[in-house]
Each structure stands twice: as structure tokens, then as C-alpha cells.
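In: Sequence first, predicted coordinates after that:
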Amino acid sequence: MARIIESTLMTLDGVIEDPAKWVGRYLDDDFQKGALERLLRTEAMLMGRNTYGLLSRDWASQKGEFAEAINRVRKYVISSTLEQANWNNSTIVRGDVVREVSKLKEEVDGELAIYGHGLLSQTLLKNGPIDEIRVSIFPLLLGSGKLLFRQGEQRALRLIETLSLPTGVVVVRYDSTAQ
């Protein structure tokens, strides 16, 4: 059975919107090495339509180890509106989100990665299938933008690990199955 691990990039003031616009100077060798190691352990990725659009835009034509890995990995796009998924190894999954993701969790061995905390993650977190939340907190205040959690989201988490990088980025991992 797979473990579902959500990884989110966030500013210190909680903004998660379009990190490609603000993470650049913090992506040192340590951060990139860790991101690649996690991706190489990933059996498949889960994503909603918006994340699919952003990641396919940013990575489909890129070169390098991370780009090759993310382009190669199996991708499941949970969407009722996306007509086609042209990014390499992408499959559209329709139907009841929790039921379909729970089936994938049973069928896949290893890690199922979710990048970002959008509607898909909110739905899965509310209904239980997410096993771990990993947040990379960037030492940056943006002052506006889409925030990590929405009003009303509640979940008890258990700290697994913290890692402080030389750039000031702090990576925290939480077990989200702790109730």
C-alpha cells in the first residue's frame, strides 16, 4: 500500500501561490538534492487540474535530473473538467475523489506525491487519505496571495522531523494520521 505525501512550498506568511515566482534564490544545492531524492522515491504523483497545469507548464520542456524524473514519473490528474492530459505518463482520474485516490493508494506500492495544497489536498486531508504533510517554509513575506490553509480546516498533526537549510528555508514533516 502506498503512502500519500503532500509537499508544499510556503512563505513565512503562509502564501503558497505560484512558488515559481519566488523560490528561485532559495533553491540551493541542498534543497535541490533533497527534492530530487524525494522525487526519485515517488512511485506516482497525484494532482488536481490547476497543479497539473502549472507543473506541466514549468517542467515538460525542462532538462536536467529533476526535470527528467518528474517527466518520467506516473501522474494521476484528478479532474472532472480537464479534457486531455498531454504531459508524459499522465492519466485523468474522474469520479469520487476520495474513493478513486483510496483505490490508487491500495494499488500502488511506495510513495504517492502531491505537490501543493489545493482543492485535492484539502479534500483528501479532510477525509483521511493523506499520510504526511511536508512544508518547506521560505524566509520571505509576500503580504498577499493564496494561503496554505483555509478557514475551517482542522487536523491534529504529529511532528516527524525538521530540517534547517543554509538559505534559511525550514522543512517540516508532519504525520497527518495522528488524531
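Out: Perfect, thanks for sending it.
In: Quick one: list the elements packing against the longest strand anywhere in the chain.
Out: With secondary structure taken from DSSP state E, the chain has its longest strand at strand 2-11. Under the contact definition 3 or more C-beta pairs under 8 Å, 6 or more residues apart in numbering; DSSP states H and E, strand 2-11 sits against strand 42-48, helix 97-107, strand 110-115, helix 119-127, strand 132-138. Bear in mind the C-beta positions are built from the backbone N, C-alpha and C, glycine included.
In: What are the contacting residues of the third one?
Out: Going back to what we said before, that points to strand 110-115. Contact with strand 110-115 is made by 2-8, 38-39, 41-47, 51, 55, 104-105, 120-121, 124, 130, as judged by C-beta atoms under 8 Å, 6 or more residues apart in numbering.
In: out of the residues you listed, which are buried?
Out: For those, a burial check counting by 16 or more other C-beta atoms under 10 Å picks out 2-8, 39, 42, 44-47, 51, 55, 104-105, 120-121, 124, 130.
In: can you list the weak-confidence ranges in this protein?
Out: For the chain, the stretches flagged by pLDDT under 70 are 179.
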